[in-house]
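S.K.: Dropping the sequence and predicted coords here.
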Amino acid sequence: MQTAHQRNAKVFKALCDEKRLAILELLRSGEKCACVLIEALGMGQSAVSYHMKILCESGIVESRQEGKWTHYRLSEAGSQYALELLKQITTPDTAQGQCACC
């Protein structure tokens, strides 16, 4: 069972690579077959597969099989989670108060 920090790290890992950001940009216009991503990105099948595994594990992208090809799309729930996580982690928590030394 993964901790909240492990799950959150997967979201940020998905967003910290320029190729994965390019993939997310392509998926904004709708579902894409892996073959389309391979061609659009000028990458090999194994490289695209590696990046898609990370994006899917983060929950930001969902996949489905159709024949020998995999189709990918943005996950509404995963995207919402990533947005809320970023907002939460970058918003000061004033309820915790000051440190013990002050």
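M.R.: It's in.
S.K.: low-scoring pLDDT stretches of the chain, where are they?
M.R.: When residues are selected by pLDDT under 70, those of the chain lie in 95-100, 102.
S.K.: how about the strands in it?
M.R.: 32-33, 61-66, 69-74 (DSSP state E).
S.K.: got the contact list for the second one?
M.R.: Applying CB atoms under 8 Å, 6 or more residues apart in numbering, the contact partners of strand 61-66 are 14, 23-24, 27, 33, 52, 55-56, 70-75, 78. From N, CA and C alone the C-beta is placed, and that goes for glycine too.
S.K.: Any quick PyMOL command for the buried ones out of those residues?
M.R.: Buried members of the contacts of strand 61-66, defined by 16 or more other CB atoms under 10 Å, are picked up in PyMOL with:
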select buried, resi 14+23+24+27+52+55+56+70+71+72+74+75+78
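S.K.: Can you tell me which of the contacts of strand 61-66 is nearest Ile89?
M.R.: Taking CB to CB as the measure, Ile89 lies nearest Ala14 of the contacts of strand 61-66, at 14.8 Å.
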